[in-house]
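Visitor: sequence and predicted structure, then a few things I'm wondering about:
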Amino acid sequence: MKNNINIIHTGRLKVKKYFSAFALALSLSAFAQTMTENYVYSKVSLSEDGSKKSETIQYFDGLGRPKQTIQVKSTPLGQDIVMPVTYDQLGRQTRSILPVPMATSNLGIQNVSEATANTYYGVPNAYSEQKLEASPLARVLETASPGSEWAMNSGHTRKATYEVNKTPDKVKKFSFTNSWVNATTISSVPTVSLYNEKVLVKTSATDEDGNKSIEFTNGLGQTVLVRKVITATENVDTYYLYNDYGQLVYVISPKAEAPITSNNNIITQQILDDLCYQYKYDNKGRLVEKKVPGKGWEYMIYDRQNRLVGSQDAELKKKGQWLYTKYDQFGRVAFTGISAGGSRISEQDLANNFVYNNVKRTNFPFFNREGMDVFYDPDQTYPNVVWVKLLSVNYYDTYPGYSFNPPFPSAIFGKPVLKDDLSGNVSTRTLPVMSLVKNIEDDNWTKNYNYYDTKGRSVGGYSINHLGGSTRTESELDFAGVPLQTKAYHKRLNTDTERVITQTFTYDNQNRLLTHTHQVDSNTPEILTQNKYNELSQLQSKKVGGTSAASPLQTVDYTYNIRGWITKINDPANLNGKLFGYEIKYQNSTNPYYARFSGNISEIDWKTSVDDLLKRYIYAYDPLNRLTAGYYQEPTTSVPINHFYNEEIAYDLNGNITRLQRNMKGSNNSSEYIDNIFYTYSGNRLISASDAAQNYNGYPAGGKLIDYDDNGNMINQKDKNISAIQYNYLNLPYSIKISEGKQGIITKDIQYTYRADGVKVAKKYTPFLGNIETNYLDGFQYDNKETGETSQPLPPSLKFVSTSEGYYNFENNKYIYNYTDHLGNVRVSYFKNGSGLEVLEESNYYPFGLKHGISNPSVGNPSYNYKYNGKELQETGMYDYGARMYMPDLGRWGVIDPLAEASRRFTPYHYGNNNPIRFTDPDGRLTVDNLQGGYTPGSAVMDFFNRNGLTDERNMPLFYRNEGGAMIRTEALGKDGEGGGGGSFTFTGKDAVSVFNYFNNGGSMSGLSFGDNDVTWWTGTPSLTAYSGADIHGEIDLGIGYSAKFKELPLDAYKNWADWGASTAGGGFKYLADRRTSLYNSGYWIDNLGQMRNTAYAGRARGSLIGLRSDYLRNTAMLGKYAKRAGYVGYGISAAQIGYGMYKDGGKFGIKAQIATANVAGGMAGAAVGAWLGVKVLTPIGGAIGAAFAGVGAAPGAAIGGAIGGIVGGIVGGVYGGDYAEQWASDILNKPSY
């Protein structure tokens, strides 16, 4: 294998006498920098010979402050992306100028200014601007965004005020006593009074639309109240209550606050149970009991290493069962299951008896459960009682010797595969190699194998499904880690004929995806997409379909506004031969009354070729940004405001819908009510829904009572003849019974089969006659349709496999293409029919997702039921999102949000923050703002760095709204990164000055070679002990890295890289976080405002049962959007991400750091280990730099070494040491600093 050379190039420049400067580079070529300027230059090779590269140069002024950053030749046309930096007279950066594409200067400084940017964007203010307080605090008073509509003095800026509480604020003060029972904190029912004046800090934030949020904090910096202002007399208040130890013990939701007020400020236990969050902790500060409103109490058990080893919800408690997790000596999840057990106190006492509580890997099967041999010895671990069920097993380091193991591949795409020979220099040591996942409803298993190349990158996988068939995947990766070609070999049963899916990808010089080709078996390859980008790297157009590049089936054009928000998908005013056009309006609504400036959508126009009729929705919102109406129009008709498909909604204080009115087009071409639904609640639980419209086209008149289990799951919906719903331990429905006819004598059954990781693998629908069976296998979907009493069921046949642009129909051997809107809703499905195109189906939706009743002039494909948000419509009328099923007719879920504590001011049954035009919920667990990355396959205005991976669905915004209502600017970091090729270093002033001075004074670096002003080191040769013992072996993306043994972590290690690293983390680091691929523990969530006490939140699968690393690293067939794959660097969490979270948490490992950590398995340990590597270990990249810089002073040396080491080490630790050091890192990081 050819190794890669890395060079640091130094040189003296003509500068002022204060200091000399150097250029930092990873380069093999000549330099053309402006030699009278201070600069830092970096290059990341994207190809083995260095011809394909990502270059960045940053220039500094005489004070060491950045004044210009250039991404060299990074645009599609080879121009530079230039970001100028300006300062006010006090040296503050109050304006952030948008990046400007300019003809390349070959690394030279560019002549660019605000005026240059204004000219390019065609606005008077191509920058965001802050107005600061005239005080030493320099707090932000007002923020304006780019574009004249958002400029200062436009009336549409974000404003902040800083005050203290006053008597008219009427902030409630909750008082309670704390006691200890069985080493557990017990908090009494609170009493209520009012805070005195001037004891709380009052911070108000007003968004661009004038909506106001107020946050009150106490002297300890704890948020005690978040207030959303509805009117001058009505607020939505969420209170946070803490015990004497600073732990969050109660959250009083808005709907609870109102009855407290009306009840003479007296709280009852019933109010707490129905509407409030409650928490209890043990004497080690660990969360051990919690109650989410509407659910019963949940319990957690920990071992002596503070690892979560048992969890129990209210339904498991009734059965006397616990979910358990067992770990190996490195803290990695070994296997999981369900055990019998007693109370939490007794179970915790049992867990405390085990000192190490680690299972041991064996060379032979040690026990058998549910028909599966297990190569672990669980003796001397908790629990040791009778096991009820084994659910999953994960293996690391070496492949166990199962009889069903497939042949080990010696090579994939002609390149060797990493073996598990631990005596070799490199091996699979520390890597997840195999996982076994049992079906919950039966004892069949899915067996997954992971294969790696010699760089440790996942390049292959083999999955044996629960039916005995298999899916084998292979990936050819280039030097930077992006896939060039993938193959999937699939068969449902072992005896079936194998089907082969081949996908091929090409990229430009910055690894932006250009073409994606798809091939089924030996058929003619289909060109799914040909992408073209504008000079801001946003997707400008996409040619879709066809077998010839010159003859696509459709060309899809995209436009954006200056905020980076998508504005058009084609042009509905001029289809020009296209099948679908879609326009989104924000501040530019046709009716100015409905204009919205904060990112909410005010109006959507669309048109299809089916009827060539322009249709429109105008949207209205309340001051909480909740959608209150979608008004339907047909603006080009004689009666444009016809109200045919209106939807109007009202809410209570928690966001539960209280009334929903819905219209449709009647038979006499007039609008008629189909729904006028009144909702009745007990707490947040919907008890009944009565429809006064009495129209059979809408929700049934009903009004029948709805029942729930102790986990808050809806167990029937008699209005729709659903007589019974049964759930498994993941709160997923495995049985639904529908009773119809008089006395309910006609029954229909739906039986679901799930794996223990929550993946649905089968559905059996039994109507009155016959049955329909569906299999979901690695993206391939099968079903049969048998009717008649005596018909013999046939095995399901292969129907389709999903593609990035729709699906391939195996029955007709056709590619079906989907036009989707910004929410991922399927709007038009079409295919090639002879020499033309045929529309298979058109779909239009009400705002909350119910389909328009007459929007289907074509019959569609009965086997393909993926519609709203791209989710599968079930026979019950619900959409399956994965973690929950959504009811579009009622606009809510039937199951409590597994991550309800992420947004406590909302009902745990809400959908999309009650703003479904802007927000989606990709898997039913966490709401996602589509301004932060929704439909748009390109990148937004600020996304110009580290174009080192696939570019498919990221639309990076400039701002987002946090829980407190404040508008927060996102980091201008690359979000592509799916191929992982590293990133650019952007120095801050202080660090750069230290580096300049060090080299100017003749400094050197231990372990590196100097000559001719170059500093050189090689990557590609591993250390002799790589992947062995306690070593942490890291790939630095350009080759094989180095190893280092760790012994202890200084308490202050993380402090050095927090701020510095926040500006350097690039594309690949943030892939997992952006995609929200981490699987959260369904029985465990830490307080929104307190400290994290253990790491069960990170690196666990749903229900804390399946190791995320094993699940994620399994290489799939890449059948999703553009065959998404995180590159190798994506496996490690960026040290900057956690560091910044800790910084925002005031130096504690609080909620922001938790969220960063949880987004990547093992990420916290990776960041901690990375920082430790940078400060303490003499590796060529982290430690050597840190040691070398020690000569300039301990603090700067540690800062620089820790920063660089933290970034690179974050990859090292995150990939190889994450699981090993997970709990250890948590303990270290949570210790106080002295």
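Guide: Nice, thanks for sending it over. Computed from a predicted model, the values in this text were never measured in an experiment. Numbers count the residues shown, from 1 in each chain.
Visitor: whichever helix or strand E315 is part of - what's its average pLDDT?
Guide: Following DSSP states H and E, one finds E315 within helix 314-319. Across helix 314-319, pLDDT averages out at 97.
Visitor: quick one: list the elements packing against the helix or strand that comes right after it.
Guide: Per DSSP H and E, the first helix or strand lying C-terminal to helix 314-319 is strand 321-327. The helices and strands touching strand 321-327, judged by 3 or more CB pairs under 8 Å, 6 or more residues apart in numbering; DSSP states H and E, are strand 308-312, strand 333-340. In short, each C-beta sits where N, CA and C put it, glycine included.
Visitor: strand 321-327: how far from the chain's middle?
Guide: Centroid displacement of strand 321-327 relative to its chain, using CA atoms, centre = their mean, to the nearest Å, is 26 Å.
Visitor: let's see it as PDB, backbone CA atoms only.
Guide: As requested, the backbone C-alpha atoms of strand 321-327 are provided in PDB (Å, rounded to 0.1, in the frame of the first residue of the first chain):
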ATOM      1  CA  GLN A 321     -39.500  -8.200  34.600                       C
ATOM      2  CA  TRP A 322     -36.400  -6.000  33.900                       C
ATOM      3  CA  LEU A 323     -34.500  -5.200  30.800                       C
ATOM      4  CA  TYR A 324     -30.900  -6.000  31.500                       C
ATOM      5  CA  THR A 325     -27.600  -5.200  29.700                       C
ATOM      6  CA  LYS A 326     -24.300  -7.000  30.300                       C
ATOM      7  CA  TYR A 327     -20.900  -5.600  29.400                       C
END
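Visitor: got the angle for it vs strand 333-340?
Guide: With axes from the mean of the first three to the mean of the last three CA atoms, to 10 degrees as the basis, strand 321-327 and strand 333-340 are set at 160 degrees to each other.
Visitor: how about strand 321-327: buried residues?
Guide: By neighbour count, with 16 or more other CB atoms under 10 Å as the criterion, the buried positions of strand 321-327 are Q321, W322, L323, Y324, T325, K326, Y327.
Visitor: pull the contacting residues for the last one.
Guide: Read that as Y327. By CB atoms under 8 Å, 6 or more residues apart in numbering, the contact list for Y327 reads Q305, R307, V309, V333, A334, N357, N358, V359.
Visitor: out of the buried residues of strand 321-327, which comes closest to G806?
Guide: L323 (38.3 Å; CB to CB).
Visitor: ok, that closest one to D709 distance?
Guide: When distance is defined by CB to CB, to the nearest Å, L323 is 17 Å away from D709.
Visitor: can you map out the strands along the stretch 651-800 of the chain?
Guide: Per DSSP state E, counting those that start in this stretch, the stretch 651-800 of the chain carries strands over the ranges 657-665, 671-682, 685-691, 722-727, 733-740, 746-754, 760-766, 772-777, 780-783, 797-803.
Visitor: could I get the ones you listed as CSV with mean neighbour count and distance to W180?
Guide: CSV is the format used below for the strands of the stretch 651-800 of the chain (neighbours: other CB atoms under 10 Å; distance: least, CB to CB, whole Å):
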stretch, mean neighbour count, distance to W180
strand 657-665, 21, 42
strand 671-682, 18, 33
strand 685-691, 20, 33
strand 722-727, 18, 35
strand 733-740, 18, 40
strand 746-754, 18, 40
strand 760-766, 19, 44
strand 772-777, 21, 49
strand 780-783, 21, 55
strand 797-803, 21, 54
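Visitor: would a markdown table of the ones you listed with mean pLDDT be doable?
Guide: Shown next, in a markdown table, are the strands of the stretch 651-800 of the chain (pLDDT from 0 to 100):
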| stretch | mean pLDDT |
| --- | --- |
| strand 657-665 | 97 |
| strand 671-682 | 96 |
| strand 685-691 | 97 |
| strand 722-727 | 97 |
| strand 733-740 | 94 |
| strand 746-754 | 93 |
| strand 760-766 | 96 |
| strand 772-777 | 96 |
| strand 780-783 | 96 |
| strand 797-803 | 96 |
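Visitor: could you export these as a markdown table, including distance to L132?
Guide: Converted to a markdown table, those look like this (distance: least, CB to CB, whole Å):
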| stretch | distance to L132 |
| --- | --- |
| strand 657-665 | 42 |
| strand 671-682 | 45 |
| strand 685-691 | 47 |
| strand 722-727 | 53 |
| strand 733-740 | 54 |
| strand 746-754 | 54 |
| strand 760-766 | 52 |
| strand 772-777 | 55 |
| strand 780-783 | 56 |
| strand 797-803 | 50 |
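Visitor: to N264, which of those lies closest?
Guide: Closest approach to N264 among these (CB to CB): strand 671-682, 22.2 Å.
Visitor: distance from the closest one to the middle of the chain?
Guide: The mean C-alpha position of strand 671-682 is separated from the chain mean by 34 Å, CA atoms, centre = their mean.
Visitor: can you check stretch 176-186 too?
Guide: On the basis of CA atoms, centre = their mean, stretch 176-186 is displaced by 37 Å from the centre of the chain it belongs to.
Visitor: how about that stretch as CSV, C-alpha atoms only?
Guide: Backbone C-alpha positions of stretch 176-186 (Å, rounded to 0.1, in the frame of the first residue of the first chain) are rendered in CSV as follows:
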residue,chain,number,x,y,z
PHE,A,176,-40.6,21.5,49.0
THR,A,177,-38.6,19.4,51.4
ASN,A,178,-36.1,16.7,50.6
SER,A,179,-35.6,13.5,52.5
TRP,A,180,-33.8,10.2,52.0
VAL,A,181,-35.5,6.8,51.9
ASN,A,182,-33.5,3.7,51.0
ALA,A,183,-30.7,6.0,49.7
THR,A,184,-33.1,7.7,47.3
THR,A,185,-34.1,11.4,47.3
ILE,A,186,-37.7,12.0,48.1
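Visitor: which residues are contacting it?
Guide: The contact list for stretch 176-186 (CB under 8 Å, 6+ apart) reads 187-191, 241, 243-245, 247, 249-250, 280-283, 288-289, 345.
Visitor: buried subset of these, written for PyMOL?
Guide: Buried members of the contacts of stretch 176-186, defined by 16+ other CB under 10 Å, are picked up in PyMOL with:
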select buried, resi 187+190+241+243+247+249+250+280+281+282+288+289+345
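Visitor: inside strands: which ones of the contacts of stretch 176-186?
Guide: S187, T191, L241, V249, Y250, K280, Y281, V288, E289 (DSSP state E).
Visitor: most widely separated two among those?
Guide: Among these, T191 and V288 lie farthest apart (CB to CB), at 25.2 Å.
Visitor: what comes up buried for the helix holding E315?
Guide: Neighbour counts over helix 314-319 (16+ other CB under 10 Å) mark A314, E315, L316, K317 as buried.
Visitor: so which bits of stretch 74-93 are buried?
Guide: Within stretch 74-93, the residues that count as buried by 16+ other CB under 10 Å are S74, T75, P76, Q79, D80, I81, V82, M83, P84, V85.
Visitor: can you say which of the helices and strands packed on strand 321-327 is nearest to Y195?
Guide: Closest to Y195 of these, according to CB to CB: strand 308-312, at 36.7 Å.
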